[in-house]
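Novice: coords below, sequence missing:
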């Protein structure tokens, strides 16, 4: 199962780029935020090159659009910031687009949204007796920020070895961890340096941000193909970066990410 | 003792409707199901997650949170006067065609005396029903206030849109099923 996530920046002419990324990376599920282009046109474009996809149900979550080639995908909870999908009756794909922190009210709204999402995931995991959970989307925050790191929020650990304990008890309450592989993209040893560039005036601004992320439960790590986690910079024979090396806003202000969860190593936790 | 207290003007002993808020919403839910011919179902179910809400001067219009962070205030403390027990529910729409689907509209929380009831709403609905005040949290002191708020919620463009989409999806599924049935008949 290869998944693409992209915040498409309300670009009506983005379909050609999406098609190119889907084909180049053999994508089976496409998760889009801020998508306003013609989805029927995209489905037709993909079909014409032998990639049959259909739209999944996200009614109630206008911020996310999902399509894919898998058949057994059922909608779960839908809220303005979250679209939960159940794949093959055991795997959870939680697609999110959290409130922006650029706006004044975004910080608290994001805390509210994250808390709700964590509760929804825990409830569904319990119901399905499965911890095969993936969270993907535009988090509008970096992996090191509190709602990503803190045990009371996503609890996204940067090191898998530390996350294999799966839970941590704090003040007699047990919190379940995620593993966040996006930490591996920090620094300037390899480019691109993030998925989003913002030259704001805040004193702690790092300019490059990794707002677009995937988090997985530690039990999925053995199915997660390390080398297939990518920040995409080329599509449709065009660079997605501008002359300054930042995301080209004529295409999108975010760079897409792709990753793979191997299908043939399903290990359901009982 | 010569000094007598007189509470006759201070206490109200008239019977008032203290029907549990979840029962009232359950009635709305049944009406939604009837009015949508069973395609959309309203549900009010106990919720075990944390619901914290808060209003803090100087924090702009944003006033709701789910019990995280040092700046939030546990709504339970404001309900504490009514007793220690509080009940929490979530209200959501579902559709029989997709058994796992749910579109959550709000949470409610109340104490042992049933009122006041706190309603924590989805922001997209809030901005529509009270455009001048983007407050997530509503406090209803009576059944009438709760019913009035829920009517506004159910009539909001946002909720109507979701219901309409679910009806359309149901129609598409019905058409597909009919086409399959027809083609099978023709084959026979």
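Specialist: Now that the structure is in, tell me what you want to look at. Keep in mind that what you see is a predicted model, and the values were worked out from it rather than measured.
Novice: what packs against the longest strand along chain B?
Specialist: The strand spanning the most residues in chain B, taking DSSP state E as the definition, is strand B:98-111. Using 3 or more CB pairs under 8 Å, 6 or more residues apart in numbering or on different chains; DSSP states H and E as the contact criterion, the elements in contact with strand B:98-111 are strand A:73-79, helix B:21-35, helix B:75-79, strand B:86-95, strand B:117-121. All C-beta spots, glycine's among them, are computed from the backbone N, C-alpha and C.
Novice: ranking those by burial, who's on top?
Specialist: Highest mean neighbour count of these: strand B:117-121, a mean of 25 (counted as mean count of other CB atoms under 10 Å in any protein chain shown).
Novice: Residues in contact with the helix or strand just after it: which ones?
Specialist: Per DSSP states H and E, strand B:117-121 leads on to helix B:123-129 as the next helix or strand towards the C-terminus. Residues outside helix B:123-129 that contact it (CB atoms under 8 Å, 6 or more residues apart in numbering or on different chains): A:62, A:80, A:109, B:105-106, B:134-136, B:152-153, B:156-159.
Novice: mind showing which ranges of the stretch 151-270 of chain A have poor pLDDT?
Specialist: In the prediction, the stretch 151-270 of chain A carries residues with pLDDT under 70 at positions A:264-270.
Novice: For the longest strand of chain B, buried residues please.
Specialist: Of the residues in strand B:98-111, those scored as buried under the neighbour-count criterion (16 or more other CB atoms under 10 Å in any protein chain shown) are B:98, B:100-111.
Novice: For the stretch 101-250 of chain A, which residues are neighbours of chain B?
Specialist: A:104-105, A:108-109, A:111-112, A:114-116, A:119, A:123, A:152-153 (CB under 8 Å from any CB of the partner chain).
Novice: beta partners of the residue nearest to residue A:3 when sequence neighbours are not counted?
Specialist: Here the nearest residue to residue A:3 in space, its sequence neighbours aside, is residue A:29; by CB to CB, 6 or more residues apart in numbering or on different chains that works out to 4.7 Å. Here residue A:29 shows beta-bridge partners residue A:3, residue A:68, assigned using DSSP bridges.
Novice: Repeat that for residue B:107.
Specialist: residue B:90, residue B:120.
Novice: on that earlier part again, weakest of the helices and strands packed on strand B:98-111 in terms of mean pLDDT?
Specialist: Across these, the stretch with the lowest average pLDDT is helix B:75-79; it has a mean of 39.
Novice: before we move on, the earlier item: tabulate the residues of the stretch 101-250 of chain A next to chain B (TSV), appending distance to residue B:122 and neighbour count.
Specialist: Converted to TSV, these look like this (distance: CB to CB, whole Å; neighbours: other CB atoms under 10 Å in any protein chain shown):
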residue	distance to residue B:122	neighbour count
A:104	20	12
A:105	15	17
A:108	15	23
A:109	11	24
A:111	15	25
A:112	10	25
A:114	15	27
A:115	14	24
A:116	10	23
A:119	15	18
A:123	18	16
A:152	22	18
A:153	20	21
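Novice: Which of those fall in strands?
Specialist: Within those, no residue falls in strands by DSSP E.
Novice: picking that back up, please produce a markdown table containing the helices and strands packed on strand B:98-111, extended by distance to residue A:132.
Specialist: Supplementary listing: the helices and strands packed on strand B:98-111 in a markdown table, determined by distance: least, CB to CB, whole Å:
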| stretch | distance to residue A:132 |
| --- | --- |
| strand A:73-79 | 14 |
| helix B:21-35 | 32 |
| helix B:75-79 | 34 |
| strand B:86-95 | 24 |
| strand B:117-121 | 30 |
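Novice: To residue A:136, which of those lies closest?
Specialist: Closest approach to residue A:136 among the helices and strands packed on strand B:98-111 (CB to CB): strand A:73-79, 14.1 Å.
Novice: Show me the contact partners of that closest one.
Specialist: For strand A:73-79, the external contacting residues (CB under 8 Å, 6+ apart) are A:29, A:56-61, A:83-87, A:89, A:92-93, A:113, A:116, A:120, A:124, B:98-104, B:122.
Novice: One more: stretch B:157-174?
Specialist: Residues from elsewhere that reach stretch B:157-174 (CB under 8 Å, 6+ apart): A:57, A:59-60, B:32, B:36, B:39-40, B:93, B:95, B:97, B:103, B:105, B:122, B:124-125, B:128, B:153.
Novice: so residue A:70 sits right up against residue A:52, yeah?
Specialist: No. Contact status for residue A:70 versus residue A:52: not in contact, 10.8 Å apart, counting by CB atoms under 8 Å.
Novice: who's more crowded, the two?
Specialist: Neighbours were counted for residue A:70 and for residue A:52 using other CB atoms under 10 Å in any protein chain shown; residue A:70 has more, 17 against 9.
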